[in-house]
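Novice: Give me a 3D structure for the following:
(chains A and B, ligands or ions: 1)
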Amino acid sequence: MAKQDEQINLSPTVVKVIDQFTAAMRADEVIESDAIDRLEELLRKPIVPKTDEIYAALFKPPQKS
Amino acid sequence: MIRIKTVHIEEFRGIRKLNITLDSENLGICGPNGTGKSGVVDAVEFCITGDVTRLSGMGTTGLSVKSHAPHVDERDHPENANVTITADIPSLGKSVKIFRSVKFPREVKITPDDTDIKLVIDELQTHPEFALSRRQIVKYIITPPGQRSEDVQTLLRLEHLENLRKSFTTFSNKRKAEAKEAERGLSRAENELKNVFKIDNFDLAHILKEANKNRHLLGLKDLTELIKDTSFKDGISIPEAAEKKPTLHKSTVLKKLTTFISEIKKGEPSLLSEGRQSAKTILEKLNDDDKTLILAQRHGFIKRGLELVIEDACPLCDKEWNAAILREYLNSKILSAEKIKNLLDQLEEGINSIVQSLSDRIETIEQTLIYCNLLTPPIEKSELSEYLTYLKNSKQVLTDFLIEQSEPEAALKIVSESWWFPNTKPLDQINECHAAVNALPDKSTEDEARDCLIVAQERYEKYRASVSEEEKLKTHESLAKKVLDLYNKISTGILEDIYDKVAADFTIYYRIINHEDEDEFLGKLISAPAKLNFDVDFYGRGLFPPGAYHSEGHQDGMGICLYLALMKHTLGDNFTFALLDDVLMSVDTGHRREVCRLLKSKFPDTQFILTTHDKVWLQYMKTEGLITRSLSFANWTIDAGPRVWDHHDIWSEIQDALDQENVSTAASLLRNYLEYTATLLADNLRARPRFSGDGRYDLGDLMPPTLKEWKKNLEKAEKSAAHWKRESEKVLLIAKRAKAKELIARTNAEEWSINPSVHFNDWANLQGSEFKEVVVAFKELLEHMRCENVNCKSYLYIQPRKGLAQEMRCNCGATIINLRTKA
Ligand SMILES: Nc1ncnc2c1ncn2[C@@H]1O[C@H](COP(=O)(O)OP(=O)(O)O)[C@@H](O)[C@H]1O
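Specialist: Residues are numbered from 1 along each chain as shown, chains lettered A, B, ... in the order given. Have a look, this model is predicted:
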């Protein structure tokens, strides 16, 4: 399944939902913009993110070494 | 999208080798079941997408394209199973050749290899829904809303949205569970802190006061306030050894253990036992429901079943049942959606209270284990540790259930068990620990005060940590909920928009099919997260699910309309191509023409390939001008595949057989072809064969009455021409009728019913030359019944289909023979 998913691009409707969804999140001041960027990057991948990945995107800034 | 010019199939499914020419036009494929029609549909789907839904979709476990798409005799040689399509790409004004082999289903060979062409093919690859089978259509119409939402989203390639929703939901549930756990942690930390000072209610001011009392005793400065860095033991000198080892503060520990033991003795608190009981009842219900409902596609199936309980016997196996009792039984099984929601809320509350008690108990045991260790000599505690593991595991199962809300069985097991009384051995260990602490020497007031402050400090730090942990997780919880709500709001909004447009088109299409009886028809798609309700008007009596009152034929019609509306929405101008596999089989005769009209008028730019097992249906498609090309499939054998002919070629095929002196093949070819033609002529000319209960008619049943009807109509036409004084027409018609008589006589067909010895069954025994005469006779006869226009060549048919016959005509309008003798 996953393999097949990788080959398929997101449909225009899905892209539309992601566009509006991320825009709405940005409009909400409570959510950090870095977190939204990370989540958006995740959502634009052709695979549906796992819950732990969403968690990491929203709450765990990547540690810079 | 593309328009197909040719399809070349080799060793694919039930087909050995087949060339199909479409020339970018619609194509009808007709043949009895099991003759390979679906093989063509699968081959086209495979060539374009690399996949065969029939082999990879739902309910096809164990099947795969690679193993089962090649003809069974080539199953070890997937490289021999190939499909080639040549097509036009209208949007680019280019042509393309697409080749795919089952050996490398993911590799498509495109010639020419232009980037813009590749883009079009890639796009097409993501739309396997251009192929639609009846099984799929019915799915959109009668499934329960939850399932429909998934199916329709799959068709719209939007399952991604549904999966995202699931991910966000689980994510949010997890944060909720974590926040709850942090809340419990905080309340425990508060308890512990207040217990050090033996006060009843947690109150920081009170704690500060008590701490200062102790500090007074030790001659230390008062603490002014409790802030983040406050140290209760500020200024106390602690011997290094004691610093390392946590302090066992006798009076606090003793109090804790005494309370613990007396709590156990008091027995399970009613709040807990009631919580367990209520959770148990609900889980049992869910568990039962789950077994029946999940297996049977949840409610939808039972509900549908319930609708079918109208007679006193099962419609499938005819086993008798008592409808009233069965209905009651099924009803008792159905929990409405709201009821389930309420139940789940109640369940969550019950489980949360159990988890709370479990957490408290776990914490106490963990503490006790620490005490056991701190005592000299340490108390043996293995049984107590086991008890702890058991409690922790139980808590895990319950919290998992709250997040996923699946596997009620495991949760049911946990809530059924009473863990309040530890077994004898762990209980002994607790008592032993209590006794050992009690036996510790009492300390001086100063020592006591100092120990108290040291322990208070530990617990204060833990309390502070719990506060910030709780704050953090509460923020996470509310943020996660906000993200989920936003996602639901936006995706539902966008989907609703789509569904509204789709429903509007659906309504228009459905009205076209049913204009004479459902002119006011209205269809609605109502979406909620994870659900899509589909309601349709039933003769102005209100909106209901399609399965409620509409007949199966109407539901089929709705299926195709919904599909077309969805496709139009998804692909817009790119909806240039669709494969409809036996999709309209239960649309009744009266509505088939309208379906043809719908496809033709609303989708003039879409190339349709339609398969059917019904010859008459194929004829309608022709009559309505939906298709001009058609193929007939018959006589499938495993070695040769289907016998396929397009209707212009049969005579040369027969001739080939005759040239090889193969009279029996030629005879069976002619017979099959005539059987096909007789069916459609009988329908065209409204022939009256002797009625057959099973709807089967052989050549001998159909041909004589059809030919009789032909002559009768020509006679009528003569009379009409005479009546209207159209002399030249009359002359032509007289000649035509004379010719008909002559040709019919040559075929002997009229004799079949009178003289069974002169019968088509004997053809195979004729000499080549004798049979050749029969062939020529039929060829001329059939030619004589068609339009002479080379671009039309359609068999004449009576118009209208019902009521007084007005004319006999062809598709193109070049031949119109008046039958009326009245204005
Ligand atoms: N891979 C295969 N190899 C050989 N025969 C097959 C294969 N797949 C299907 N068949 C057979 O091909 C015949 C035609 O099947 P199908 O295309 O489903 O017919 P239809 O659509 O006309 O009902 C059937 O008898 C079926 O059993």
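Novice: Quick one: the strands in the stretch 151-300 of chain B, in order.
Specialist: Chain-ordered strands for the stretch 151-300 of chain B, with DSSP state E, counting those that start in this stretch as the definition, do not occur.
Novice: Check the spacing between B:Phe104 and the ligand real quick.
Specialist: Taking C-beta to the nearest ligand atom, to the nearest Å as the criterion, B:Phe104 is separated from the ligand by 18 Å. Placement of C-beta: from N, CA and C, glycine included.
Novice: Three-state assignment for residue 35, please.
Specialist: Just so you know, I chose chain A. Using DSSP: H, G, I helix; E, B strand; the rest coil as the criterion, the local structure at A:Ala35 reads helix.
Novice: Quick check: the gap between the most centrally placed residue in chain B and the ligand.
Specialist: To find the centre residue of chain B, average its C-alpha atoms and take the closest one (C-alpha atoms, centre = their mean): that gives B:Asp151, at 3.7 Å. Look at B:Asp151 and the ligand: by C-beta to the nearest ligand atom, they are 22 Å apart.
Novice: separation between that residue and chain A?
Specialist: Separation of B:Asp151 from chain A (C-beta to the nearest C-beta, to the nearest Å): 16 Å.
Novice: Distance-wise, check that residue relative to B:Glu496.
Specialist: B:Asp151 sits 17 Å away from B:Glu496 when distances are taken as C-beta to C-beta, to the nearest Å.
Novice: do the same with B:Ser187
Specialist: Applying C-beta to C-beta, one obtains 43 Å for the distance of B:Ser187 from B:Glu496.
Novice: Contacts for stretch B:343-359, please.
Specialist: Judged by C-beta atoms under 8 Å, 6 or more residues apart in numbering or on different chains, the contacts made with stretch B:343-359 from elsewhere in the structure are B:180-181, B:184-185, B:188, B:269, B:271-272, B:275-276, B:278-279, B:282-283, B:285-286, B:335, B:391, B:394-395, B:398-399, B:401-402, B:405, B:411, B:415, B:419.
Novice: got it, and stretch B:414-429?
Specialist: Contacts of stretch B:414-429 from elsewhere in the structure, counted by C-beta under 8 Å, 6+ apart, are B:264, B:267-268, B:272-273, B:276, B:279-280, B:283, B:350-351, B:354, B:358, B:361, B:372, B:379-381, B:383-384, B:386-387, B:390-391, B:394, B:397-398, B:430.
Novice: Would you map the helices across the stretch 601-750 of chain B?
Specialist: For the stretch 601-750 of chain B, applying DSSP state H, counting those that start in this stretch gives helices covering B:615-623, B:650-659, B:663-684, B:699-723, B:727-747.
Novice: What count of nearby residues applies to residue 23?
Specialist: By default, I'm working from chain A. 12 (other C-beta atoms under 10 Å in any protein chain shown).
Novice: should've been chain B
Specialist: Residues near B:Asp23, counting by other C-beta under 10 Å, number 13.
Novice: Next, it: phi, psi?
Specialist: With angles defined as degrees, to the nearest 10, B:Asp23 sits at phi 50, psi 40.
Novice: and it, what does it touch?
Specialist: B:Asp23 sits next to B:5, B:629 when contact means C-beta under 8 Å, 6+ apart.
Novice: again, but for B:Phe202
Specialist: Taking C-beta under 8 Å, 6+ apart as the contact definition, B:Phe202 lies against B:190-191, B:193-194.
Novice: now, which of these sits nearest B:Phe544?
Specialist: For B:Phe544, the closest of the contacts of B:Phe202 turns out to be B:Glu190, at 56.2 Å, with distances computed as C-beta to C-beta.
Novice: neighbours of that closest one, just the number please.
Specialist: The burial metric for B:Glu190, expressed as a neighbour count using other C-beta under 10 Å, is 19.
Novice: so where's the stretch 51-200 of chain B shaky on pLDDT?
Specialist: With pLDDT under 70 as the threshold, the stretch 51-200 of chain B has low-confidence stretches at B:57-61, B:127-129, B:133-147, B:154-157.
Novice: Get me the contact residues on it for chain A.
Specialist: Applying C-beta under 8 Å from any C-beta of the partner chain, one finds that the stretch 51-200 of chain B approaches chain A through B:106, B:126, B:156-158, B:160-161, B:163-164, B:166-168, B:170-171, B:174.
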